[in-house]
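Chemist: coords please:
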Amino acid sequence: MSDVVIIGAGPAGLSAAITCAENGLKVRVIDEFIKPGGRLLGQLHQERNGEWWNGIEEAKALLQKAIELGVRINCGTPVHHLEKENTGWVIHTSNETIETPRVLLATGSAEQPTPIPGWTLPGVMSIGAAQVMTNVHRVKVGSKGIIIGVNILGTAIARELQLAGISISSMVLPPLHTLSRDSGHPEKVFESLLRVSHLAPSPLIRLGSRLMKPNWMKSVGVTFYPKTGVKVWGIPVHIRKAATRIIGQGHVEGVEVVSITAQGEPIEGTETVIPVDFVCIAGGLYPLAELAAVSGCPFHYVKELGGHIPLHNECMETPVDGLFVAGNITGIESAKIAMKQGVVAGYSIVQQTGLKEVNSLRQSAIEDVHSTRNNVTIQFHPNIAEGRRKIQQYWQEFIQVEKSS
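Modeler: Next up, the predicted model:
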C-alpha cells in the first residue's frame, strides 16, 4: 500500500510526489490522461524577461525526477469515486480499487463553456482543446479561425496557434447573456486586459494601458476603442464586437459578428460574417473539484479564485482527515503556483506521517508560494490575494466552530 495516492499528474501532483518521495514516502500518482504533465503539456509563452516558458520541458523534468525517486505513475486511469473509511481512503478507478491512508487531490481545472448558436458544429472547440491538439498531438485544428472570448488564456493560446502556422482572423467577445456574464461586457473585459498589459508585444500598447488606470479613463478607452480592434501579434482584438452565431452546413464556415455598445448591447444593422473554418471558445477556467465534493469536504464559493473551492489552509490540508489539495482545484492560477503548492502539500503529507519533522521546510515552501504569486507573469483573476484571504478566513471560522462544538 502506498503512503499517499495523488490524483492528478500535473504540475501540482508531480511536485508533491517528488517532495513526498524525497522524504521517504511510498507514492503513487494516477491520472486520467494518457501521459503525465497535465496542463503543462500545452503551455508555451514568453516571460517578462523574454525567456520562453516551455510546459512540455517543465513536465519532462518533473516526470524524470519523480521516476528516479521511485514514484509509481499510472496514466489513462480515470477516478470515478472516492470514499472515506476508518482505515483511510478507497479510490475507485476504471481499472481497480485502491486503498491508501492519504489522498492528495491535484485535479486541476476545466474550461467554462460559453454557449453560442451553432457551437455544436464540427470545427468548434474550446481554446484548451485547440492548445492540446496543437502542442501535444501536433494536429492542425484548421487553416483560419476566430477566438470567441477575450481573456488571458485565449490571448496566450492564440499566440501558440499562430506560432504553429495557424491563422487567427480576430478575437471577439461572446454575446452578452446570463452565462457569459463579465466576459461579454466590454468594460469588464477592458479592465481585465489592463491587468495583463505588461505582456503586450507593443511598447505603444503597454504605454497606453498605463495611461488607462484611472476609472474615468477606462470608460473613455472603451467608448473610443478602435473599430478595427487593437492588434496583438498582428491579431485584431475586439471588445466592441461580439459573435452572435456560428454558421455552417455540416462544419464551420463562418461566424456572424455584430458591433456592440460599451455596455455589450448589439447595434442593429452592423452584422457581418467572418469566413473561418474553425472556432475556439475561450470561456475561462473553473476548479475541477468533483472528487473533493464526494469526499465530504466543505466548499465555499470564492469568485476571486474562479468558483467553488474545497476548504483548505495554507498547508494544503482540508478539514477531512488524510485529504489534501493543491493546484487549480484550490483556485485558478498559473502552473508555477501549482508547482509550489504541490511542494507545500508534499511536506504536509510527510509531516502527517510522522516520518520526519518538516515544519520549517513547509513554512519556507509556503513563503515561496507567496513570492511566486507576487512575481508571476500570468494571473488569471485580478484579486487572487483577496480570494486567498477569504478562504483562509473561512478556514479559521470553521476551526473555531469545530473547537466550540
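
Chemist: okay, CA-based contacts and neighbour counts for the rest of this
Modeler: Fine.

Chemist: would you map the strands across the stretch 151-300 of the chain?
Modeler: If DSSP state E, counting those that start in this stretch is used as the criterion, the strands of the stretch 151-300 of the chain fall at 167-173, 230-232, 235-247, 254-259, 272-275, 278-281, 285-287, 299-302.

Chemist: my bad, should have said the stretch 301-405 of the chain
Modeler: If DSSP E, counting those that start in this stretch is used as the criterion, the strands of the stretch 301-405 of the chain fall at 307-310, 323-325.

Chemist: so which of those strands gets nearest residue 364?
Modeler: Nearest of these to residue 364, taken as Cα to Cα: strand 323-325 at 18.2 Å.

Chemist: show me what the closest one is packed against.
Modeler: In terms of contacts (3 or more Cα pairs under 8 Å, 6 or more residues apart in numbering; DSSP states H and E), strand 323-325 is packed against strand 103-105, helix 335-353.

Chemist: what about residue 64, neighbour count?
Modeler: Using other Cα atoms under 10 Å, residue 64 has 12 neighbouring residues.

Chemist: can you check the one 3 residues further on too?
Modeler: Residue 67 is surrounded by 14 other residues when neighbours are defined as other Cα under 10 Å.

Chemist: any idea which element it lies in?
Modeler: Residue 67 is part of helix 55-68, with elements assigned from DSSP states H and E.

Chemist: and that helix, what other elements does it pack with?
Modeler: Under the contact definition 3+ Cα pairs under 8 Å, 6+ apart, helix 55-68 sits against helix 11-22.

Chemist: so what touches the helix it packs on?
Modeler: Among residues not part of helix 11-22, those counted as contacts by Cα atoms under 8 Å, 6 or more residues apart in numbering are 6-8, 26-29, 37-40, 59, 62-63, 65-66, 69-71, 104-106, 326-327, 335-336, 338-347, 349-350.

Chemist: what does stretch 167-182 give?
Modeler: Residues external to stretch 167-182 that are found in contact with it (Cα under 8 Å, 6+ apart): 114-116, 143-150, 158, 161-162, 183-186, 188-189, 235-244, 264-265, 276, 283.

Chemist: PyMOL command for the buried members of those residues?
Modeler: Selecting only the buried entries of the contacts of stretch 167-182 in PyMOL, with 16 or more other Cα atoms under 10 Å as the criterion:
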select buried, resi 114+115+116+144+145+146+147+148+149+150+158+161+183+184+185+186+188+189+235+236+237+238+239+240+241+242+243+244+264+265+276+283
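
Chemist: shaky segments in the protein?
Modeler: 45-50, 192-221, 224 (pLDDT under 70).

Chemist: the longest helix in it is where?
Modeler: For the chain, the helix that runs over the most residues, judged by DSSP state H, is helix 384-404.

Chemist: for that one, buried residues please.
Modeler: Here helix 384-404 shows 384, 387, 388, 390, 391, 392, 394, 395 as buried, counting by 16+ other Cα under 10 Å.

Chemist: now for that helix, which elements pack on it?
Modeler: Applying 3+ Cα pairs under 8 Å, 6+ apart, one finds that helix 384-404 contacts strand 299-302.

Chemist: can I get the strand it packs on in PDB, CA atoms only?
Modeler: As requested, the backbone C-alpha atoms of strand 299-302 are provided in PDB (Å, rounded to 0.1, in the frame of the first residue of the first chain):
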ATOM      1  CA  PHE A 299     -16.800  24.100   0.000                       C
ATOM      2  CA  HIS A 300     -17.000  27.900  -0.400                       C
ATOM      3  CA  TYR A 301     -17.800  29.900  -3.500                       C
ATOM      4  CA  VAL A 302     -14.900  32.400  -4.000                       C
END
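
Chemist: count the residues that sit near the closest residue to residue 9 other than its chain neighbours.
Modeler: What sits nearest to residue 9 in space, not counting adjacent residues and going by Cα to Cα, 6 or more residues apart in numbering, is residue 36, at 5.1 Å. Around residue 36 there are 26 other residues, counting by other Cα under 10 Å.

Chemist: give me whichever of the strands of the stretch 151-300 of the chain is most buried.
Modeler: Each of the strands of the stretch 151-300 of the chain was given a mean neighbour count from mean count of other Cα atoms under 10 Å, and the largest, a mean of 27, is that of strand 278-281.

Chemist: how far out from the middle of the chain is that one?
Modeler: Centroid separation between strand 278-281 and its chain, computed with Cα atoms, centre = their mean, to the nearest Å, is 18 Å.
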